[in-house]
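Enquirer: no letters, just coordinates:
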């Protein structure tokens, strides 16, 4: 019997994809917004495709703000973009 693959919906494009193929943006219990590369940190998470277009769409449509139930300052989006670029996602 094969194991069920966990699927998550991208807050940018709305597509359902394998959780391991996505990036998790996390709101920690302290209220910080960070990129969770392990997918195991504690807090409320939202998933993004590893596609810069989805990051732009999320910023435009305020998808992360809805998912994480908080306002997200521009600096957070800028740091997410830097981490996104540093991770080498296309």
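Expert: It's in. Remember, predicted model here, so these are calculated numbers, not experimental data.
Enquirer: and the helices in the protein?
Expert: Per DSSP state H, the chain carries helices over the ranges 52-61, 63-68, 74-87.
Enquirer: out of those helices, nearest to residue 46?
Expert: helix 63-68 (3.7 Å; CB to CB). For the C-beta atoms, the positions are set from N, CA and C on the backbone; glycine is no exception.
Enquirer: run through who's touching the closest one.
Expert: 11, 12, 25, 27, 33, 44, 46, 57, 58, 71, 72 (CB atoms under 8 Å, 6 or more residues apart in numbering).
Enquirer: hmm, back to that, the helices of the chain: which one's closest to residue 6?
Expert: helix 63-68 (16.9 Å).
Enquirer: pLDDT on that closest one, on average?
Expert: On average, the pLDDT along helix 63-68 is 92.
Enquirer: same question for stretch 44-59.
Expert: 89.
Enquirer: how about stretch 26-36?
Expert: Stretch 26-36 shows a mean pLDDT of 89 in the predicted model.
Enquirer: name the nearest residue to residue 81, sequence neighbours excluded.
Expert: residue 55 (6.3 Å; CB to CB, 6 or more residues apart in numbering).
Enquirer: so that neighbour versus residue 83, what's the distance?
Expert: According to CB to CB, to the nearest Å, residue 55 and residue 83 sit 10 Å apart.
Enquirer: more neighbours: those two, which one.
Expert: Taking other CB atoms under 10 Å, residue 55 and residue 83 do not tie; residue 55 has more neighbours (24 against 15).
Enquirer: quick one, what contacts the more buried one?
Expert: Residue 55 neighbours (CB under 8 Å, 6+ apart): 12, 48, 77, 80, 81, 84.
Enquirer: ok, now with 10 Å
Expert: Residues near residue 55 by CB atoms under 10 Å, 6 or more residues apart in numbering: 11-12, 23, 25, 48-49, 63-64, 77, 80-81, 84-85, 89.
Enquirer: again with residue 78
Expert: By CB under 10 Å, 6+ apart, the contact list for residue 78 reads residue 59.
Enquirer: any idea how far it is from residue 50?
Expert: Taking CB to CB, one finds residue 78 at 18 Å from residue 50.
Enquirer: which residue, other than its chain neighbours, is closest to residue 54?
Expert: Nearest one to residue 54, counting by CB to CB, 6+ apart, is residue 12 at 2.9 Å.
Enquirer: cheers, nothing more for now.
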